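fold the following.
(one chain, ligands or ions: 1)
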Amino acid sequence: MTRRIVVVANRLPVSWDGEEWVTSPGGLVRALEPVLQRVNGSWVGWSGNVGDPPEPFVHDGIAQRPVSLTEEELDGFYYGFCNSALWPLYHDAVVSPEFHRHHWRPYRKVNERYARVAAESLQPDDIAWVQDYQLQLVPGMLRAIRRDITIGFYLHIPFPPIELFARLPWRRQIIEGLLGADVLAFQTRASVQNFARAARRYGGAETLGRRELRWRGRSMRLQRAPIAIDTSHFEKMAKSDAVQRRVVELRHELGDAEHIFLGVDRLDYTKGIDLRLKSFAGLLEQTADHPRRYAFVQVAVPSRENVPAYQDLRSEIEQLVGRINGDFGEPGWSPVSYLYRSLALEELIAYYVAADVMLVTPLRDGMNLVAKEYVASRRDQPGVLVLSEFAGASEQLKSAVIVNPHDVDGVTAALRAATEMDPAEARLRMQRLRRTVRKETVFEWARDCLAMLEAF
Ligand code: G6P
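Residues are numbered from 1 along each chain as shown. Here you go, the predicted structure:
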């Protein structure tokens, strides 16, 4: 990789902790950092605060170009169009998307700002790599300003089936914005196909083979590139003494239950946390003669707390936890431990190592990296991954116990089967899963995406 890369993403890869800029956790940043350092790259994104943006600065060898948002833009662009229209629409409309012109206008305006800031730092022959649903108009806007660069777009969430996408009042503008890119990459085959259909229907694009489109005299490539994690980092941390010690403590804190179940999600209605809790309650009902045999830990990371649908979901989940603990708990013991916060990585990995059964049961998810993190943290222990067929990860992690999260009784049966699984089978399944997460890491993901862009 020799060409300069400018990443354009909603958020910068750093945040201000009150005293200094610190690198945000997460696989995407970890994978791109060394590449950007090598090619003298830069990153355009929002600093996380409203008002005047900080001046451009360099952090760990990467030029940071902050984009500003006003309070009203945060409401209209981020909480409004991004997270009350696009997010639910692209996730099977599990809650009803809200379409408002007063959200669409700031979406367009803020996308223009990102495109302008990016254009300023791009030189001929550079690659602009635009990330995710918040910035779908940026490829088209950038192309209108700069014709001498290569533009990539990566969608981290699912691209919806055309029957859902059709609802969007600004569907043509979104498709035209995306078709400004030279390479459009998605998590799954289904998303590639969904996008190709929508591009034909609403953009008038022509399909040339399965992975190429032609539109207004240009051609663009479609790519399936499932995102992944830094597997060896999780493996290393999982075997550290600190994590191993914490695992012993955790199991004890959880009442030395025979089977520990774990769920880790942003508190989001796409994650199926409520249905999952009901499935667990079903298991407790079936096995009421063995109280204290099971413990379920649900970590819910606060997210988008200004959006009413997220507030409603939080109260619903908290009521459900209260009800289950009321029905099945005993003095000094509750079957569900609910943590509404994010955990430090070391603590999170200790939970992965302590958990006998991991529940990843979203109603729809672009990929779901928690599933991959659990597998990477298991090392040579078995452990059962119960995985929704509607998570992008299920296209790759085929040896998981695959469930339909809407089928509450079916998931209860899967939980029971997980606790009764022959250890040899559990071990074999986990070995297969580990082979996948070791072979396809976030470094291979970045290499594949950038190689496609460089070859364009
Ligand atoms: C998903 C999206 C990301 C987003 C993240 C956290 O993974 O694909 O683009 O950054 O959620 O959401 P937030 O709204 O806090 O950025």
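
now G152: which helix or strand?
strand 150-154 (DSSP states H and E).

what is the rounded mean pLDDT of that strand?
Averaging pLDDT along strand 150-154 gives 98.

ok, now stretch 109-120?
97.

what lies in contact with it?
6, 8, 44, 65, 67-69, 73, 77, 128, 130, 135-138, 141-142, 145-146, 177 (Cβ atoms under 8 Å, 6 or more residues apart in numbering). C-beta here means a position set from N, CA and C on the backbone, and glycine is covered the same way.

hmm, 7 Å instead?
With contact meaning Cβ atoms under 7 Å, 6 or more residues apart in numbering, stretch 109-120 is reached by 6, 8, 44, 65, 67, 69, 73, 77, 128, 135, 137-138, 141-142, 145-146.

cool, and stretch 334-354?
So stretch 334-354 is in contact with 25, 234, 237-238, 242-243, 246-247, 250-251, 254, 260, 262, 264, 284, 294-302, 321, 324-325, 328-329, 373-374, 377, going by Cβ under 7 Å, 6+ apart.

shaky segments in the protein?
Counting by pLDDT under 70, the ranges of the chain that qualify are 1.

and the residue of it nearest the ligand?
H156 (3.7 Å; Cβ to the nearest ligand atom).

check which helix or strand covers that residue.
H156 belongs to no helix or strand, assigned by DSSP H and E.

count of neighbours near the nearest residue to it once chain neighbours are set aside?
Leaving aside its sequence neighbours, H156 sits nearest to D132 (Cβ to Cβ, 6 or more residues apart in numbering; 4.8 Å). Here the number of neighbours of D132 (other Cβ atoms under 10 Å) works out to 19.

got a list of what D132 touches?
9-10, 155-157.

that older thread, which of the contacts of stretch 334-354 are buried? Put it as a ChimeraX command.
Buried residues among the contacts of stretch 334-354 (16 or more other Cβ atoms under 10 Å), as a ChimeraX selection:
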select :234,237,238,243,246,247,250,251,254,260,262,264,284,294,295,296,297,298,299,300,321,324,325,328,329,373,374,377
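
the contacts of stretch 334-354 in helices, which ones?
Mapping the contacts of stretch 334-354 onto helices (DSSP state H) picks out 234, 237-238, 242-243, 246-247, 250-251, 284, 321, 324-325, 328, 373-374, 377.

residues touching Q311, list them.
E305.

what strand or helix carries it?
Per DSSP H and E, Q311 falls inside helix 308-328.

okay, that helix in PDB with CA atoms only?
Presented in PDB, the C-alpha positions along helix 308-328 are these (Å, rounded to 0.1, in the frame of the first residue of the first chain):
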ATOM      1  CA  PRO A 308     -37.000   8.000  22.700                       C
ATOM      2  CA  ALA A 309     -37.000   4.400  21.400                       C
ATOM      3  CA  TYR A 310     -33.700   3.700  23.300                       C
ATOM      4  CA  GLN A 311     -35.200   5.200  26.500                       C
ATOM      5  CA  ASP A 312     -38.400   3.000  26.100                       C
ATOM      6  CA  LEU A 313     -36.200   0.000  25.500                       C
ATOM      7  CA  ARG A 314     -34.200   0.600  28.700                       C
ATOM      8  CA  SER A 315     -37.300   0.700  30.900                       C
ATOM      9  CA  GLU A 316     -38.700  -2.400  29.300                       C
ATOM     10  CA  ILE A 317     -35.500  -4.400  29.800                       C
ATOM     11  CA  GLU A 318     -35.100  -3.200  33.400                       C
ATOM     12  CA  GLN A 319     -38.700  -4.200  34.200                       C
ATOM     13  CA  LEU A 320     -38.100  -7.600  32.700                       C
ATOM     14  CA  VAL A 321     -34.900  -8.100  34.700                       C
ATOM     15  CA  GLY A 322     -36.800  -7.100  37.800                       C
ATOM     16  CA  ARG A 323     -39.700  -9.500  37.000                       C
ATOM     17  CA  ILE A 324     -37.400 -12.400  36.400                       C
ATOM     18  CA  ASN A 325     -35.400 -11.800  39.600                       C
ATOM     19  CA  GLY A 326     -38.600 -11.400  41.500                       C
ATOM     20  CA  ASP A 327     -40.100 -14.600  40.200                       C
ATOM     21  CA  PHE A 328     -37.000 -16.800  40.400                       C
END
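
relative to A393, how far out is T436?
10 Å (Cβ to Cβ, to the nearest Å).

those two - which one has more neighbours?
Legend: neighbour count by other Cβ under 10 Å for T436 and A393, higher for A393 (30 against 17).

mind checking the SS state of the more buried one?
helix (DSSP: H, G, I helix; E, B strand; the rest coil).

the one 5 residues further on now?
Secondary structure for K398, judged by three-state DSSP, is coil.

quickly find the element holding the most far-flung residue of the chain relative to its centre.
The centre of the chain is farthest from one residue, D289, which by Cα atoms, centre = their mean lies 38.8 Å away. Per DSSP H and E: D289 is located in neither a helix nor a strand.

within range of the ligand, give me the residues from the stretch 201-350 of the chain.
For the stretch 201-350 of the chain, the residues found near the ligand under the criterion Cβ under 6 Å from any ligand atom are 303-304.

give me the distance between N368 and R379.
21 Å.

quick one, which of those two is more surrounded?
N368 (24 against 15).
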